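Here is my input, please return the structure:
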Amino acid sequence: MKFNTLQESEIIEIIVYSFIAFLLMGLVLILFFYFSRKKIIQKELEKKDLEIQYQKELLSAVIITQEEERKRIAQDLHDDISSKLNIVALNSHLLTTPNLSQNEIHEITANIINLTGKALDNSRKIAHGLLPPVLEKFGLHAGVEELCLEFSSSKAVKVNYENKTAFDIKDIDKHLHVFRILQELMNNSLRHGKATVIAVLFEEKNGIKNCCYSDNGIGFEMKSDENKKGLGMKNIESRIAFLNGKMTLESALNKGVSVVFNF
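All right, here's what the predicted structure looks like:
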C-alpha cells in the first residue's frame, strides 16, 4: 500500500514538473517569437524610413534642378533676348524722328533686323535646351546621335555611339529622360572626369532596353558618399526612378566610370 502511494505521488510530481517545464518552454517560445517579430517590424520600419528619406532626397534633387533650370532660362531671357529687344524698341522709336536722312534710316533698319535675327537665334537655343528639336521630330536615336556629334566636335573628347535597338517615337516623354541622363553623364565625364573617350551603347535583352555608358576618365572612389550622392547623380537617379528602371554604377580612381541602366 505504501509502495502504491509513493508511486502515485512520484507520478503526480513528474506530471507537475512536466507541466511546469512545458509552461516554461511555451513562455520562452512566446517571448522568442515576440522579440523576433518586434525586431523584424523594427527593421521593416527602418527600411521604410530609409526609402522615404531616399525618395525625399530624389524629390529635393528634382526641385533644385528645376529651380536652377528656371534661373538659367530667366537669365538667358534677360541677358540675351530682353536686352536685344530693348535696343530694337529704341531703334524703332528713332525711326519716328523727323528729318532723318536715307542713310540714317537704312542704318537704323539694318540694326533692327540684325538684333531681331540674333534674338531669334538665342530663343531657338533656349528652346533647343528645353526640348531638342531633333529628338522631338526624329526620336531618341537621332537626338543622341546629334548629342554625341556636338560633344565630339569640341575636339576635347571622342564619343563612340552604337545603337542595336529601335525606339518608338510615341515614347518621347520617356526618351527625353534618357537623353537628359546621357547629357548629365557626358557633362560629368568632361568636366569632372577629364575623359578623352566616351562610349554609348543601346541594346535590348528580353524586351528590356539597356543603355551602357563608359568613359576613360579619372574616375572616383566608390566609397565616397560625396561622389555617389552629388546633385548630378541624384538627378540621374530621379530620372531612372521615373522610368521604373535600375542603374548600376562602377568606378575606381584612374579607371573611368561605367554606368548601365534600363528603361
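
residue ranges for the strands of the stretch 151-263 of the chain, please.
Per DSSP state E, counting those that start in this stretch, the stretch 151-263 of the chain carries strands over the ranges 158-163, 197-205, 208-215, 247-251, 257-262.

Quick check: which ranges of this structure have low pLDDT?
Within the chain, the stretches with pLDDT under 70 are 1-8, 49, 54-63, 65-67, 69, 76, 78-79, 127-129, 224-231.

any idea which residue sits dead centre in it?
I236 (1.5 Å; CA atoms, centre = their mean).

which ones are touching it?
For I236, the contacting residues are 181, 184-185, 247, by CB atoms under 8 Å, 6 or more residues apart in numbering. For glycine as for every other residue, the C-beta is placed from the backbone atoms N, C-alpha and C.

can you do 10 Å?
Counting by CB atoms under 10 Å, 6 or more residues apart in numbering, I236 makes contact with 61, 177, 180-185, 188, 230, 247, 249, 259, 261.

got it, and Y161?
Residues in contact with Y161 (CB under 10 Å, 6+ apart) are 141, 144-145, 147-149, 151-152, 182, 198-202.

Please identify which of the residues you listed is nearest to I113.
Lowest distance from I113 to the contacts of Y161 (CB to CB) belongs to L149, with 31.0 Å.

can you count the residues close to the closest residue to that closest one other than its chain neighbours?
Leaving aside its sequence neighbours, L149 sits nearest to V159 (CB to CB, 6 or more residues apart in numbering; 7.8 Å). Residues lying near V159 (other CB atoms under 10 Å) number 23.

any idea how far V159 is from G143?
V159 sits 14 Å away from G143, going by CB to CB, to the nearest Å.
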